[in-house]
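Peer 1: This is the structure alone, sequence omitted:
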Ligand code: GLN
Ligand code: ZN
C-alpha cells in the first residue's frame, strides 16, 4: 500500500507559554526594540516550524504565522489599506500594519469580527468603490523561503482564498461580490506563481465560506476563478481547503479545477462523508480527510477515525488520501504536556495541537498497515474509556424537572401588570447591564487573595465595600433598577464554571482570541450540576442596602456552553439543558431569598448559530428552550431580565421573543437603525432596552445623543415597555467616565419622560 500522507493545516502562533503575546505587548509597550522584536519573532516562528517538522507530518503549513491576524496579512499584501491610514502608508510598513490592527491617532482600528462560529476574531478587510487590489508584498513567499533556508522545509503555504476573503470583507455592495472576487485573482496568481518559482509543490487555499450558504451562481464564479488560477499556475498543485461544516454543493465543488480538496469530517454532521459514499470522489483528486477535531480538546477516538478512513478508502485511493485535522489547530491550545493540575483522568484525555499532530501520524500509519493497534492509539482508547467511566459523567441528572413540569407563567401582559403594581417603576426605567468598573484595587485584592496576603473574609469585605459604594452611587444617579456590580467575577463564564460541578480548568490551555489577547476556556467534561448557592449572598447583601430593586445576575446556558470547551459524547443541546437546570436551581434560590428581578445573560446566543440559515430553526428552538429552562418556574411577579450583545438581533427577533423574558437589554450602538426598522416591521411584545450608548469607548456620550436614541426607540416601543440602559456591562470603564456617562443617561431618560 502506498504511503498515506498527513498534513497540518495551520498551527497556533502563540507559543507554548504565550511567548508571542508577551513579545508583542513588550514591543508595543516600548520595552523591546524593533530589531529584538523581529529577531525574537523569527525565533518563535522557527521553533514552531521545528516542532511541525519533528512531528513527522508530511505537509507543513507555512505562512499562517502572523504578527496579528492572517486576514489582516492578506489585506496588507493586496494593498487594501483603508483611506484613513493613508498618512501612514508611505511610512513604515510595520507601523502601518499595527495601526490597522490597533488604531492610531485619528484612525480607528479595523473592525474585528468572529471567524465563522469560532471564538477567534479576524480583522475585517475594507473595500471602497476605488479599491484595486494587487500584490503589494508576498508574505507567503517570505515564509516559504525562510522555512526552506533555515530548516530545509519545503512547506505548504496557506492562503485564504479569494472567495472567502471577499465574502468576509466589508464595503462590497450586494451584487458586487463576483466582480471583487475576480479583481483579486491577479494578485493570487502572482503570489502563487512566485511561490511555484521558489519551489513550492503544493499551495493550500482555504475557502471556509464554502460551508456557509453559497448561492448557486457562486459555484460558477468559483469554477471560473479557480480555472483562471489553475491555468496560470501550472507548476504548482492547489489544495482547496474547507472546514467548519459540510460543503454546500459538494457535488459540483469537488469538480473544481484544483488538485485536491480538504473536507471536514468532524463537524459535517456526516454529510461530507455520505456524499462521497453515495457518489464517489474524482479519481484524479487528492482528498484531505479532516478526521481529527481541530476545535475540540479531546483525544481522537481511533475507532471512529479509522472507521471514516475505511469508508473513504472505498472511493479514494490511498495515495490520494491525506490524513489531517478538521481545520487549523489555531483553535486549540498548544501542548497538553504542560497540564499538570486538576483531575488526571480529565487531563489524561486531552489532545492539544501537538498531540493532534502525533495522532495524525499514528492514524495514517495504522491505516496504511491495516491495523487498528498502535501504542498511541491504545493510549487514546484507554484515556477515553477512563473519561467515559468518570463518575462526573455518570451522574443521575434525570430527577431534575423540566419546564413543562412546573407552573407555566402567565402571558406577558398579565405579568407586566402584576410587576408594575409591585415595583411601581416610572416609564422608561433606567438600569445597567450588571458589571461596574473593575478598578485596580479589586484586581489587587484578587492577587492578594491568591498569594495569601489576605484571607477570603478580607477579600469579600473589600468587594462588599465596593458594592456598598456603588449602591449609593446608583441611587444618587437616580438609576431605577440597581446591580451589585459583579466585582467578584473575573469572567462571566469562568466564574460560574468554578461554582458548578462538571468543569475542569486547565493550567495553560490558552487560545488566541484576537490580536495578542488569549483566553483560557473552561472545560465542561462531566454532567453540570448545581452545588452551593453562587450569587445569593452577594445579591441579598446588595438588596439589603436599598429599597430599589437589585437584579440577581447569572450567565445563561448558551453562553456558558459557547465560551467553553465541552464534552463530545453529548449533543450541545443536552449540555445546554444540563447547564440550564443547574442555573435554574440558583434562579429559584434567588427568588426564595427575596430577589425579585433576575437577569440571565445570553450574549453568545447568536454567535453559535449554525453557519447555514436552514439550520437556525432547530438551533434556536433548543437554545431558547435552554434559556427558558434556566428561568422556569419563577412566579409571575418575579421579573426575568436577559441581555445580549455582539449580534444583529433583527435576524433573530422571533427567537428573542420566544425567550419570553420580561425585559431584554440589547447592545444597539452598532445596529441601532436596523434594529429599529426591524421592530417597526415586527413589533416586540415584552419589555426591551435598546442600549443608549456604546460602552467600548472611553468617550463620555452626551445627554442629547442618548436622548435622540431614546426618541427613536420610542417610535417603535411604547414608554411603558421601553427601558434605558447602556449597551453592555461597564467593567472595562474607569469610574469617573462610568459615573459621568450614567449621569447623562439618567438625565436623558428624565428629559424623555417629560416629553411623554
Ligand atoms: N452582566 C454582564 C456584564 O455586565 C454581561 C456581559 C456581556 O454581555 N458580555 O458584564
Ligand atoms: Zn453585553
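Peer 2: Perfect, thanks for sending it. Keep in mind the model is a prediction, meaning the values are calculated, not measured. Ligands and ions are numbered 1, 2, ... in the order given.
Peer 1: Can you name the residue of the stretch 401-550 of the chain nearest to ligand 2?
Peer 2: Of all residues in the stretch 401-550 of the chain, residue 433 sits closest to ligand 2, with a separation of 5.7 Å (CB to the ion). C-betas here are computed from N, CA, C, even on glycine.
Peer 1: Do me a favour and get the backbone dihedrals for that residue.
Peer 2: In this entry, residue 433 is assigned phi and psi values of phi -90, psi -20 (degrees, to the nearest 10).
Peer 1: What average pLDDT does stretch 513-527 get?
Peer 2: Stretch 513-527 carries an average pLDDT of 96.
Peer 1: hmm, it touching ligand 1?
Peer 2: No. Judged by CB under 6 Å from any ligand atom, stretch 513-527 stays clear of ligand 1, getting no closer than 13.1 Å.
Peer 1: Against residue 488, how distant is the residue of the stretch 401-550 of the chain at minimum distance from ligand 1?
Peer 2: Here the residue of the stretch 401-550 of the chain nearest ligand 1 is residue 434; by CB to the nearest ligand atom that distance is 2.7 Å. According to CB to CB, to the nearest Å, residue 434 stands 12 Å off from residue 488.
Peer 1: any idea how far the residue in the stretch 1-150 of the chain that ligand 1 sits nearest to is from residue 331?
Peer 2: Residue nearest to ligand 1 within the stretch 1-150 of the chain (CB to the nearest ligand atom): residue 119, separated by 12.9 Å. Using CB to CB, residue 119 is found at 8 Å from residue 331.
Peer 1: cool, and residue 25?
Peer 2: 22 Å.
Peer 1: for residue 439, same thing?
Peer 2: 33 Å.
Peer 1: again with residue 5
Peer 2: On the measure of CB to CB, residue 5 and residue 331 end up 23 Å apart.
Peer 1: of those two, who's got more company?
Peer 2: When residue 5 and residue 331 are compared for neighbours, residue 331 comes out ahead with 25 against 20, by other CB atoms under 10 Å.
Peer 1: residues in contact with the residue nearest to that one when sequence neighbours are not counted?
Peer 2: Once flanking residues are discounted, residue 331 sits nearest to residue 295: 4.7 Å by CB to CB, 6 or more residues apart in numbering. Counting by CB atoms under 8 Å, 6 or more residues apart in numbering, residue 295 touches 118, 266-267, 326-327, 331-332.
Peer 1: give the contact list for residue 72.
Peer 2: 66, 97, 100-101, 110, 122-123.
Peer 1: Apologies, that question was intended for residue 206.
Peer 2: 9, 158-161, 164, 241-243.
Peer 1: For the one residue sitting closest to the centre of the chain, give its distance to ligand 2.
Peer 2: With distances taken as CA atoms, centre = their mean, residue 119 lies nearest the centre of the chain, 2.0 Å away. Remark: distance between residue 119 and ligand 2 (CB to the ion, to the nearest Å) = 15 Å.
Peer 1: What sits closest to that residue if chain neighbours are left out?
Peer 2: Using CB to CB, 6+ apart, the closest residue to residue 119 is residue 513 (6.0 Å).
Peer 1: Could I get the phi/psi values of that neighbour?
Peer 2: According to degrees, to the nearest 10, residue 513 has phi -100, psi -50.
Peer 1: Just list the residues touching it, thanks.
Peer 2: 119-121, 519.
Peer 1: top of those residues by neighbour count?
Peer 2: Ranking these using other CB under 10 Å puts residue 119 first, with 20 neighbours.
Peer 1: That residue touches residue 512, doesn't it?
Peer 2: No. With contacts counted by CB atoms under 8 Å, residue 119 stays clear of residue 512, the gap being 9.1 Å.
Peer 1: ok, of the contacts of residue 295, which one's closest to residue 304?
Peer 2: Of all the contacts of residue 295, residue 304 sits closest to residue 266, with 9.4 Å by CB to CB.
Peer 1: Neighbours of that closest one, how many?
Peer 2: Residues near residue 266, counting by other CB under 10 Å: 25.
Peer 1: Same check on residue 182?
Peer 2: 15.
Peer 1: What of the one 3 residues further on?
Peer 2: Using other CB under 10 Å, residue 185 has 17 neighbouring residues.
Peer 1: State the helix or strand in which it lies.
Peer 2: With elements taken from DSSP states H and E, the one containing residue 185 is helix 177-197.
Peer 1: Skip the chain neighbours and tell me the closest residue to whatever residue of the chain ends up closest to ligand 1.
Peer 2: Closest to ligand 1 within the chain is residue 729: 2.1 Å, counting by CB to the nearest ligand atom. Leaving aside its chain neighbours, residue 729 sits nearest to residue 435 (3.4 Å; criterion: CB to CB, 6+ apart).
Peer 1: Run the chain-centre distance for stretch 326-335.
Peer 2: Offset of stretch 326-335 from its chain centre (CA atoms, centre = their mean, to the nearest Å): 14 Å.
Peer 1: Could I get the average pLDDT for it?
Peer 2: Here the average pLDDT along stretch 326-335 is 98.
Peer 1: helix/strand/coil for the residue of the stretch 1-150 of the chain closest to ligand 1?
Peer 2: Following DSSP: H, G, I helix; E, B strand; the rest coil, residue 119 is assigned to coil.
Peer 1: separation between it and residue 586?
Peer 2: Residue 119 is 25 Å from residue 586, by CB to CB.
Peer 1: following the helix-or-strand element of the chain with minimal mean pLDDT, which helix or strand comes up?
Peer 2: The helix or strand of the chain with the poorest confidence is helix 86-89; it has a mean of 76 (mean pLDDT, DSSP states H and E). Per DSSP H and E, helix 86-89 leads on to helix 93-102 as the next helix or strand towards the C-terminus.
Peer 1: Can you give me the buried ones in that next one?
Peer 2: 96-101 (16 or more other CB atoms under 10 Å).
Peer 1: Give me the helices and strands touching it, please.
Peer 2: helix 70-77, helix 86-89 (3 or more CB pairs under 8 Å, 6 or more residues apart in numbering; DSSP states H and E).
Peer 1: by how many degrees do it and helix 70-77 diverge?
Peer 2: 130 degrees (axes from the mean of the first three to the mean of the last three CA atoms, to 10 degrees).
Peer 1: who touches helix 93-102?
Peer 2: Contacts for helix 93-102 (CB under 8 Å, 6+ apart): 28, 34, 67-69, 72, 75-76, 81-82, 85, 88-89, 107, 109-110, 123, 137, 515.
Peer 1: so what sits against both of residue 119 and residue 331?
Peer 2: residue 511.
Peer 1: related to what we said a few turns ago, the residue of the stretch 401-550 of the chain closest to ligand 1 contacts residue 486, correct?
Peer 2: Yes. With contact defined as CB under 8 Å, residue 434 reaches residue 486; the gap is 5.3 Å.
Peer 1: In contact with residue 706: list those residues for me.
Peer 2: Residue 706 touches 692-693, 724, 744-745, 748, counting by CB under 8 Å, 6+ apart.
Peer 1: I'd assumed residue 647 was in a helix, is it?
Peer 2: No. Looking at residue 647 with three-state DSSP, it is coil, so not inside a helix.
Peer 1: if I look at the residue nearest to residue 494 when sequence neighbours are not counted, how far off is residue 584?
Peer 2: For residue 494, ignoring the flanking residues on the chain, the nearest one in space by CB to CB, 6+ apart is residue 522 at 5.5 Å. Per CB to CB, residue 522 is found 20 Å from residue 584.
Peer 1: Could you list the residues of the protein in contact with ligand 2?
Peer 2: Applying CB under 5 Å from the ion, one finds that the chain approaches ligand 2 through 603, 645, 728.
Peer 1: Thanks again, I'm all set now.
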